[in-house]
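1. no sequence on this one, just coordinates:
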Ligand SMILES: C[S@@+](CC[C@H](N)C(=O)[O-])C[C@H]1O[C@@H](n2cnc3c(N)ncnc32)[C@H](O)[C@@H]1O
């Protein structure tokens, strides 16, 4: 690995301080806090969610999208955050959530129903998958059945719900607050080996990205 750094740095492909920044960010990534985006259709919403995930330290976003092709990303909104958050497209929502449950994750589903609890009453320091839903219909029935907890952000106005990217940010920052207070950003949740592997990937992709012709 040391050879890899020396080669990248000596050949001026990646500055040493850029590699240090990668390491610093990865040491704060929360491996056991993930977001599941169920059928969000608007690229602006999806992009804003990814940007918040990067800011809070979410390592990976899972998403289900029923449309053809990939769910588009708006780079003007992510301002690059999509390069630093792993995106996994899921085709079978139930299977993926059951898999995560099997790994010890609590499934926290955003839902505006009567049986939902205030989002601030949940312990997000536990391994957590936060599920957010479609702009019009919310999360699916199948997801509700798999929920360990249903949460809502209290609404006091005339409008019934928040924009999905805003709701995701509000809840993720509560998770960030709890994890910060517990010192979970002080000790890396990724192993040194995992961090080095990701740095390698990011460094190569960074070089490729910088070599792309810039559009106006
Ligand atoms: C516009 S809302 C969908 C509204 C839909 N009519 C429903 O009843 O779920 C889109 C997504 O934003 C999130 N959301 C919006 N407002 C929320 C709130 N007050 N509490 C929790 N989640 C919320 C949820 O993930 C929801 O699935």
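-> Great, that's in hand. Keep in mind that what you see is a predicted model, and the values were worked out from it rather than measured.
2. Every contact and neighbour count from this point should use C-alpha atoms.
-> Will do.
3. Please enumerate the helices of the chain.
-> With DSSP state H as the criterion, the chain has helices at 2-10, 16-26, 43-56, 75-78, 93-102, 141-146, 164-181, 192-211.
4. least reliable of those helices going by mean pLDDT?
-> For those, mean pLDDT drops lowest on helix 2-10, to a mean of 63.
5. what residues does this protein put near the ligand?
-> 110-112, 132-139, 152-155, 161-164, 167 (CA under 6 Å from any ligand atom).
6. Mark which of the residues you listed are buried, thanks.
-> 110-112, 132-135, 138-139, 152-153, 161, 164, 167 (16 or more other CA atoms under 10 Å).
7. Now do the same contact list for the closest residue to residue 104 other than its chain neighbours.
-> Spatially, and ignoring its direct neighbours in sequence, residue 104 is nearest to residue 127 (6.7 Å; CA to CA, 6 or more residues apart in numbering). Residues near residue 127 by CA atoms under 8 Å, 6 or more residues apart in numbering: 32-33, 104-106.
8. And residue 189, by the same measure?
-> 27-32.
9. which of the helices of the chain sits most buried?
-> Among those, helix 43-56 has the highest mean neighbour count (mean count of other CA atoms under 10 Å), at a mean of 22.
10. Show me what that helix packs onto, helices and strands only.
-> helix 75-78, helix 164-181 (3 or more CA pairs under 8 Å, 6 or more residues apart in numbering; DSSP states H and E).
11. re earlier: can you say which of the contacts of residue 189 are buried?
-> Here, 16+ other CA under 10 Å leaves 27-32 buried among the contacts of residue 189.
12. Of these, just say which sits nearest to the ligand.
-> Closest approach to the ligand among the buried ones among the contacts of residue 189 (CA to the nearest ligand atom): residue 32, at 19.5 Å.
13. how close does the closest residue to that closest one other than its chain neighbours sit to residue 64?
-> Take residue 32 and drop its neighbours on the chain: the residue closest to it by CA to CA, 6+ apart is residue 127, 4.8 Å away. Distance, residue 127 to residue 64, using CA to CA, to the nearest Å: 20 Å.
14. I'd like the helices and strands packed on helix 43-56 written out as TSV, with distance to residue 147 added.
-> Listed next are the helices and strands packed on helix 43-56 as TSV, based on distance: least, CA to CA, whole Å:
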stretch	distance to residue 147
helix 75-78	29
helix 164-181	16
